[in-house]
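1. Got a predicted structure here, sequence first:
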Amino acid sequence: MRYPVEPFRIKVVEPINLPSPEERERLLVEAKYNLFKIPSEKVFIDFLTDSGTGALSHHQWAAMMEADESYAGSRSWFRLKRAIEEFSGYEDPIPVHQGRAAEKLLATIYLHEGAKVVSNTLFDTTRGNFLAVGAEIYDIPTPEALDISSDYPFKGNIDLNRLEELLKEGGVKLVVMVLTNNTGGGQPVDLDNLKEAYALTQRYGVPLIIDACRIAENAYFVKRRNPKYSGWSVKDIVLESFRYSDGAFMSGKKDGLSNMGGFLVLRDERKRMRAKELLILWEGFIHYGGLSGRDMESMAVGLKESLDERYLEHRTGQVAYLTEGIREIGWDVMWPPGGHAAYIEVSEALAHIPKEQFPAHSLVVELYRRGAIRTVEVGSLMFKDAARYEFVRFAIPRRMYSRAHLDYTLDVLRDIYASKGNLRGFRITYEPPHLRHFLAELEPIL
Ligand SMILES: Cc1ncc(COP(=O)(O)O)c(C=O)c1O
């Protein structure tokens, strides 16, 4: 495919280093084969996450210079407040330092031991926060998502039939729609699917909350893939999406185009008050919620920039370029390309490594060994028995890497593919009780 032309030029550069093969091997052993523990200076291309890792625009840097760091009533908060209100259509937003702080607030306010939560697929931190209060999680992605190679355009959708069954059974306290569906391969949710899910939750009196961290990317796909909305602006599709919810939370580190930040919005005033009380206890006053004035300025500008359709065309075009290149080599990928990342599904290519030995993690390690490329496993290591796929995720930071970085990655993947039979599995030697992949220690099975 044709590589999309960058709708920006580069003003500041940051050198990156390629450590020697011997150093890479030593670092892998020292990190106990967990790439979260490798110093970023020892990573050549970092696809670990697109969360908070992108480049800021000169408008963002300029706004940050004007930040007001007052504890209460800061000018920067009022700018951010207005930006969130314009972006989401919700009033009276609550700032948080990042998405998971909002998840903890939601878990405390809406959930309890045995409460059911239904989702198109929760992200790992959301899942972790909800499990921590004893909730039961039901991830019910649309059945079309199981065939990863089909052209079905909205594999992020929720299974509406199953949703209705679960609502009928009772005990559901929250439905969470994740836009786009990160764990399910960065796939978009159709606006019509969201509308139908919302109608069902309304009928059964259950609140529907949107995880909005990539709602701009999601809206761009709705415009491109659902002819009904092809004439709409992304801004209007985003606003329309928020209309079909009772609340939303957003990690501003994604489509807020910022290094830090997030927000929570709720229609229910009593719940909002409760969230503010807890915010002061855990995060900070309601005019900063754990953020510096600089962070708030950056996100206020970033939320607007994320709606720029030329930016979104380039962003999704980069993901498509990498995904198509990987598929041409022969790896199975989540198809069609999603919003923020390319995903390789390794179950067939590495069929000689059983699930219990983390085949996708084996490729993650090999990418670092051969090319100092950092990716992340989204499979049995991250989700234990709840894993649906054995993915390696290549999340592309926003406005940061060039075509040559992606081509380098494809070259390394081509080499690995040619000798993939030599890859070996791993066993865990230490794991914490929650979100084990962040701190797990592993060793290769020889
Ligand atoms: C879909 C989704 N929800 C929630 C979060 C949590 O956000 P944060 O990392 O800001 O806590 C993430 C982060 O990657 C995410 O991708």
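-> Now that the structure is in, tell me what you want to look at. Everything numeric in this text was worked out from a predicted model, so none of it was measured.
2. which parts of the protein sit against the ligand?
-> 51, 98-100, 123, 125-126, 178, 182, 211, 213, 251, 253, 262 (CB under 6 Å from any ligand atom). Where you see a C-beta, it was placed from the backbone N, CA and C, and this is true even at glycine.
3. Now for residue 313: which residues touch it?
-> 4, 7, 220 (CB atoms under 8 Å, 6 or more residues apart in numbering).
4. Tabulate the residues of the chain next to the ligand (TSV), appending pLDDT, neighbour count and secondary structure.
-> Shown next, in TSV, are those (pLDDT from 0 to 100; neighbours: other CB atoms under 10 Å; DSSP: H, G, I helix; E, B strand; the rest coil):
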residue	pLDDT	neighbour count	secondary structure
51	97	20	coil
98	98	25	coil
99	98	27	helix
100	97	20	helix
123	93	21	coil
125	92	18	helix
126	96	27	helix
178	98	28	strand
182	85	30	coil
211	98	27	strand
213	97	28	coil
251	98	28	strand
253	98	25	coil
262	98	30	strand
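5. Give me the neighbour count for the residue lying closest to residue 221 once chain neighbours are set aside.
-> Nearest non-adjacent residue to residue 221, counting by CB to CB, 6 or more residues apart in numbering: residue 188, 3.7 Å away. Residue 188 has 28 neighbours, counted by other CB atoms under 10 Å.
6. Which members of the contacts of residue 313 occur in helices, if any?
-> Among those, DSSP state H puts residue 220 in helices.
7. Narrow the contacts of residue 313 to just the buried residues.
-> Applying 16 or more other CB atoms under 10 Å to these, the neighbour count classes 4, 220 as buried.
8. For residue 245, which non-adjacent residue is spatially closest?
-> That would be residue 210: by CB to CB, 6+ apart, it lies 4.6 Å from residue 245.
9. in its sheet, what does the helix or strand where the one you found lies sit against?
-> Element membership for residue 210 (DSSP states H and E) is strand 208-211. Strand 208-211 pairs in its sheet with strand 172-178 (parallel), strand 247-251 (parallel), by DSSP bridges.
10. can you list contacts of it?
-> Contacts for strand 208-211 (CB under 8 Å, 6+ apart): 99, 106, 122-123, 126, 174-179, 194, 197-198, 201, 241-242, 244-250.
11. Can you give me every residue that contacts the residue in the chain that the ligand sits nearest to?
-> As assessed by CB to the nearest ligand atom, the ligand sits closest to residue 99 within the chain, at 2.5 Å. The contact partners of residue 99, by CB under 8 Å, 6+ apart, come to 123, 125-126, 211, 213, 249-251, 253, 262.
12. Farthest-apart pair in the residues you listed, please.
-> 126 and 253 (14.3 Å; CB to CB).
13. Distance from the chain centre to the longest helix seen in the chain, please.
-> For the chain, the helix that runs over the most residues, judged by DSSP H, is helix 309-329. Distance of helix 309-329 from the chain centroid (CA atoms, centre = their mean, to the nearest Å) equals 16 Å.
14. buried sites along it?
-> 311-312, 314-327, 329.
15. Out of the strands paired with strand 208-211, which is closest to residue 336?
-> Closest among those, using CB to CB: strand 172-178, at 18.0 Å.
16. Quick check: what element follows the closest one along the chain?
-> helix 191-204.
17. Can you list the helices and strands that that next one packs against?
-> helix 160-169, strand 172-178, strand 208-211, helix 234-243 (3 or more CB pairs under 8 Å, 6 or more residues apart in numbering; DSSP states H and E).
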